[in-house]
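A.B. asks: 3D model of this:
(one chain, ligands or ions: 4)
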Amino acid sequence: MIPCDREDCCGCGVCSNVCAFGAIEMATDERGFYVPRVDMDKCRNCGRCSKVCPGCSTRPVEEYEKKVYAVWTRNDAIRKTSTSGGLFWELASSIVNQGGEVWGVAFDETLTPRHVCVHDATELKRLQGSKYLQSYAADCYPAIKEALTAGRQVFFTGTPCQCSALRNYLGKDYDNLVMMDFVCHGTPSLELFQSYLRTYVSPKYNSDVVSAKFRVKLTGWSGSGNEIQLADGSTYQADFFHDPYLIAFTRNYSLNDACYHCRYANLNRVADLTVSDYWGYVSRKFKYRNTNRGISMAMVNTERGERFLAGVLPNCVYTTTSLREGVEGNPCLSRSFKPAKKRDEFWAAYLESGKNFGAIAARFFPPRKKSFKGKISVWINAHMWLLPGFGQRLFYALKRRAKQGSVDR
Ligand SMILES: Cc1cc2nc3c(=O)[nH]c(=O)nc-3n(C[C@H](O)[C@H](O)[C@H](O)COP(=O)(O)OP(=O)(O)OC[C@H]3O[C@@H](n4cnc5c(N)ncnc54)[C@H](O)[C@@H]3O)c2cc1C
Ligand code: SF4
Ligand code: SF4
Ligand code: SF4
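C.D. replies: Numbering: from 1, shown residues only. Ligands and ions are numbered 1, 2, ... in the order given. Sure thing, here's the model as predicted:
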């Protein structure tokens with residue numbers, strides 16, 4: 001049997017670890033998304049794969065009165081190189097300093113994001129920063145179970161569906177495991193990302209790509225974008241208004257099918273902690289007003305999450321905020337994004353072009369022009385910290401209200 005329908009499959013790979021008959025291996029579909037390939041001749045219909053599959057099974061979550069924090073690390077260098085406020089770094093450091101292990105996503109030498117294990121503070125840099133595409137997680141679940149059974153402290157970070165996959169796979173609660181997910185917009189495929197590097201970025205310099213980073217704070221947190229190093233020493237940089245890969249991502253062309261009706265886009269969190277950007281957070285203290293270096297939102301979902309977070313808060317600047325504010329700033333805590341109207345047209349053109357993202361980028365994702373209204377809005381955003389707190393809160397409340405109902409961002 002197929003563990004779940006293709007449209008519900010997030011490509012977590014956990015099913016390939018539980019089949020006692022070796023009937024499942026992970027492959028990719030024509031758009032490059034990870035999918036299980038089931039050998040029906042070997043399958044005995046035992047149903048084990050469906051039981052662990054986060055596309056159709058989710059274990060009940062702990063009832064807990066959630067708390068929400070606005071938080072950022074006091075370490076300015078780490079805050080600068082983190083996607084949001086660097087909370088991940090603080091949490092992960094506390095685990096490795098106690099001899100535990102951290103599971104998160106790093107690029108390998110072929111620029112494939114994979115779930116890997118880190119024991120050492122110097123290695124944590126590899127995990128830092130969001131990689132806006134599917135990570136290969138299929139082989140991490142048995143290794144994590146082994147570490148937990150051996151009594152080692154484990155900190156696992158991943159998409160909400162990957163956290164659910166791990167929890168289903170383990171089948172019981174372990175006191176030495178703590179999980180952190182994030183508010184998840186969705187994931188494009190590795191193949192699309194590699195095509196973007198090969199057919200869009202590389203030809204600009206006639207040179208190979210050697211490394212890539214997302215959400216580098218090019219002109220600050222709100223002006224972040226991609227930074228890609230090439231073999232000839234050049235650097236490509238482009239923000240969310242100009243980079244076609246990022247436009248395809250934020251405007252919901254390139255996500256996996258399951259991301260458009262994600263069963264984890266709500267407040268029933270599987271992980272102990274949920275983090276995200278805290279757009280629109282306004283500090284009451286003037287010295288913390290300039291938010292352009294990045295702020296994380298941390299939502300505490302379990303008692304264990306609360307204890308874990310409390311251990312690192314002395315290294316952070318933080319304040320509690322309301323659940324309502326946290327949800328307002330993060331649409332994916334209450335619903336999934338709808339696909340872009342021309343999503344199917346985009347994928348058809350991509351496949352017809354011989355998977356040449358560069359050849360169709362200008363047609364589908366031209367640089368987004370900032371209207372006069374847009375420019376004013378960016379200027380106001382950048383100088384908002386000068387306004388009194390009330391003015392800021394009013395501005396963001398009106399902005400959120402104007403955005404409500406808009407899905408094709
Ligand atoms: C695919 C994706 C979609 C996201 N969507 C949103 C969103 O819609 N709204 C929002 O506010 N925040 C979103 N985030 C989260 C946000 O980008 C930050 O990662 C988060 O705020 C933590 O920031 P930080 O500064 O604490 O740590 P960072 O240093 O950014 O921490 C990175 C952590 O994310 C993990 N990670 C990185 N890439 C992946 C990946 N591909 N799959 C699984 N885990 C990964 C790493 O293992 C590490 O634990 C998304 C992140 C990803 C990866
Ligand atoms: S139903 Fe059982 S035998 Fe068939 S693929 Fe799933 S786990 Fe394997
Ligand atoms: S969601 Fe995960 S477990 Fe379910 S079919 Fe897809 S890869 Fe397998
Ligand atoms: S949007 Fe949902 S299905 Fe897609 S990667 Fe995120 S948690 Fe998984």
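
A.B. asks: switch to C-alpha atoms for all contacts and neighbour counts from now on
C.D. replies: Will do.

A.B. asks: and Cys163, that's in a helix?
C.D. replies: Yes - membership of Cys163 in a helix is supported by DSSP: H, G, I helix; E, B strand; the rest coil.

A.B. asks: contacts only, for it.
C.D. replies: Taking C-alpha atoms under 8 Å, 6 or more residues apart in numbering as the criterion, Cys163 is in contact with Phe156, Thr157, Met179, Met180, Asp181, Val270, Ala271.

A.B. asks: so the second one touches Met180, yeah?
C.D. replies: What it means is Thr157. Yes - with contact defined as C-alpha atoms under 8 Å, Thr157 counts as touching Met180 (4.8 Å).

A.B. asks: count of residues packed around the residue in the stretch 51-200 of the chain positioned nearest to ligand 2?
C.D. replies: Ligand 2 sits closest to Lys51 of the stretch 51-200 of the chain, with a gap of 8.9 Å, by C-alpha to the nearest ligand atom. Counted with other C-alpha atoms under 10 Å, residues neighbouring Lys51 total 21.

A.B. asks: any idea which helix or strand comes after the helix or strand hosting it?
C.D. replies: Using DSSP states H and E, Lys51 falls within helix 48-52. The helix or strand immediately downstream of helix 48-52 is strand 67-73, counting by DSSP H and E.

A.B. asks: wait, does whatever helix or strand comes next after that next one contact ligand 1?
C.D. replies: Going down the chain from strand 67-73, the next helix or strand is helix 76-81, by DSSP H and E. No - judged by C-alpha under 6 Å from any ligand atom, helix 76-81 makes no contact with ligand 1; its nearest approach is 6.9 Å.

A.B. asks: for helix 76-81, which positions count as buried?
C.D. replies: For helix 76-81, the neighbour count (16 or more other C-alpha atoms under 10 Å) marks Ile78, Arg79, Lys80, Thr81 as buried.

A.B. asks: show me where the stretch 51-200 of the chain has strands.
C.D. replies: 67-73, 101-107, 113-118, 154-157, 177-182 (DSSP state E, counting those that start in this stretch).

A.B. asks: name the residues that touch the shortest one?
C.D. replies: Going back to what we said before, that points to strand 154-157. Contacts for strand 154-157 (C-alpha under 8 Å, 6+ apart): 92, 95, 100-105, 144, 147-148, 163, 176-181.

A.B. asks: try 7 Å
C.D. replies: Strand 154-157 is contacted from outside by Gly100, Glu101, Val102, Trp103, Gly104, Leu148, Asn176, Leu177, Val178, Met179, Met180, Asp181, using C-alpha atoms under 7 Å, 6 or more residues apart in numbering.

A.B. asks: wait, isn't Asn226 in contact with Arg215?
C.D. replies: Yes - using C-alpha atoms under 7 Å, Asn226 is in contact with Arg215, at 5.7 Å.

A.B. asks: of the two, who's got more company?
C.D. replies: Applying other C-alpha under 10 Å to Asn226 and Arg215 shows that Arg215 carries more neighbours, namely 25 against 20.

A.B. asks: just for the stretch 151-300 of the chain, where's the confidence low?
C.D. replies: Residues of the stretch 151-300 of the chain meeting the criterion pLDDT under 70: 284, 286-287, 289-291.

A.B. asks: ok, residues contacting stretch 197-208?
C.D. replies: With C-alpha under 7 Å, 6+ apart as the test, stretch 197-208 has contacts from Val209, Leu230, Ala231, Asp232, Asn356, Phe357, Gly358.

A.B. asks: output stretch 226-235 as PDB, nothing but the C-alphas.
C.D. replies: The C-alpha coordinates for stretch 226-235 follow below in PDB (Å, rounded to 0.1, in the frame of the first residue of the first chain):
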ATOM      1  CA  ASN A 226      19.900  35.200  -0.900                       C
ATOM      2  CA  GLU A 227      23.700  35.400  -0.900                       C
ATOM      3  CA  ILE A 228      25.400  33.000  -3.200                       C
ATOM      4  CA  GLN A 229      29.200  32.600  -3.600                       C
ATOM      5  CA  LEU A 230      30.700  31.600  -7.000                       C
ATOM      6  CA  ALA A 231      33.900  29.800  -7.800                       C
ATOM      7  CA  ASP A 232      35.400  33.000  -9.500                       C
ATOM      8  CA  GLY A 233      35.000  34.900  -6.200                       C
ATOM      9  CA  SER A 234      31.900  36.800  -7.200                       C
ATOM     10  CA  THR A 235      28.900  37.100  -4.900                       C
END
